[in-house]
Structure formats: structure tokens, C-alpha cells
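Engineer: here is a sequence with its predicted model. Questions after.
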Amino acid sequence: MTVDNEIFTDIVRYEHKTISETTITNSNVGSPIFWSCNLHHLVFNTCDLTNARFFAGSTIDYCTFIRSDLRSVGIARNEAVFTNFEFTACDMRGMTLENATFIDCTFYKCRFSDRVLQAANIVNCSFTGKLVDITFEGDGQQKLIANFENCILDGVRFVGCDLTQCIPPKSKNHLYVEQVPHV
């Protein structure tokens, strides 16, 4: 199914629903609340999903977000898993990324800054573009499994993470300092 240039009802609660095989383009999706939902094979192209909410173990897989506004998307702690996702040129500032789990996801030229991401919740993800003021946080031994090869890191910190499984930026303009003492 394809939906183009639609304005959805502002607040709609979806409970225990499966939504799949849909492309939504140039649309304002409103402020949907997904409660224990399964979202599969969806494409959101140039959509406004500001204030969408994910709760109660919602699973989202094989979806694509292109040039979509995801600012202030709310995710309850440990309540959403994004698997095999592609985010391209999305605005993710203010999204509660720290509460979600991302597995086999690609972030291409997305805007998100001043976020703390849990290393345990980033599994085999790839980042391309510029990351600004992002902290990847682990428990001291947590492996961060991520590819930063095509990234520019600006103020990015890795705290308590084992970086042995990371692919570092290929740019030579980065400095890696191990065990920086706390002041």
C-alpha cells in the first residue's frame, strides 16, 4: 500500500497491531502511540513523525526512514527494538535514542546530537556523516559493535566501552586516547 501527502489524525493509539508493507510519502503522521506493536517493511519518505511514541516491547524491523522528522520521538526504556533499519538524512535531535535497541541498523547523514547511547543497545550498526556531541556509554567491559569508517566525530565520547569490535573513522583527523583520567 502507498500513502502520499496525507495528514493523519493527531493522536492515535495502536495496540497489539502489526503494520507492514506500506510506503508513506510526504505525510504528517501526527503523534501515534505504538503499544506492543510490530512494524515491518515500512518506508517513511519525507514524513513528519514528531512525537511518535513506542511502548510495551514494540518491534520495528526492515523499515526505512528517509528525510523524515523524528525529533522528540519517545521510546520508553527498553521498550523498542529497531532491527535492519535504514535512517537516511533524518532529523533525530531530541529522540530518546538512549532507551531503544538498534540491531543491524544504518544511520546515513542523520542529525542527532547531545545524546547518550548505551553501547549494549548498539549492535552491528553503521554510522555515516558527522556525529556531534554523542556519548557511547558502556558498563566498563561492554563491547561497542559499530562501524564509524565514514564518520566525522566531533565531540564524540566513548565511556566504559570496549572498542575492539569498532571500525574507526578512516579520516586521520581523529585522536584516540585510552583511559582518560576523570578530573
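Structural biologist: Perfect, I can see it now.
Engineer: which residue is nearest the centroid of the chain?
Structural biologist: residue 97 (5.8 Å; CA atoms, centre = their mean).
Engineer: which non-adjacent residue is nearest it?
Structural biologist: Once flanking residues are discounted, residue 97 sits nearest to residue 115: 5.2 Å by CB to CB, 6 or more residues apart in numbering. Using the backbone N, CA and C atoms, a C-beta is placed for each residue, glycine as well.
Engineer: and whatever helix or strand the one you found lives in, what does it pack onto?
Structural biologist: Element membership of residue 115 [criterion: DSSP states H and E] is strand 113-118. Applying 3 or more CB pairs under 8 Å, 6 or more residues apart in numbering; DSSP states H and E, we find strand 113-118 packed against strand 122-143.
Engineer: before we move on, the earlier item: I figured the residue nearest to residue 97 hits residue 134, correct?
Structural biologist: Yes - with contacts counted by CB atoms under 8 Å, residue 115 reaches residue 134, the gap being 5.5 Å.
Engineer: if we can go back for a sec, the strand holding residue 115: which residues count as buried?
Structural biologist: 115, 117-118 (16 or more other CB atoms under 10 Å).
Engineer: that one - what's its average pLDDT?
Structural biologist: For strand 113-118, mean pLDDT is 86.
Engineer: go on, stretch 148-155?
Structural biologist: Mean predicted confidence for stretch 148-155 is 93.
Engineer: got it, and stretch 14-25?
Structural biologist: For stretch 14-25, mean pLDDT rounds to 92.
Engineer: just to revisit the earlier point, isn't the residue nearest to the centre of the chain right up against residue 112?
Structural biologist: Yes - with contacts counted by CB under 8 Å, residue 97 reaches residue 112, the gap being 6.6 Å.
Engineer: tell me what the residue nearest to residue 126 when sequence neighbours are not counted is bridged to.
Structural biologist: Nearest residue to residue 126 in three dimensions, chain neighbours excluded: residue 147, at 4.2 Å (CB to CB, 6+ apart). Beta-bridge partners of residue 147, counted by DSSP bridges, are residue 126, residue 167.
Engineer: count of neighbours near residue 147?
Structural biologist: Neighbour count of residue 147, defined by other CB atoms under 10 Å: 17.
Engineer: and residue 56, what does it touch?
Structural biologist: With contacts defined as CB atoms under 8 Å, 6 or more residues apart in numbering, the neighbours of residue 56 are 35-36, 76, 79.
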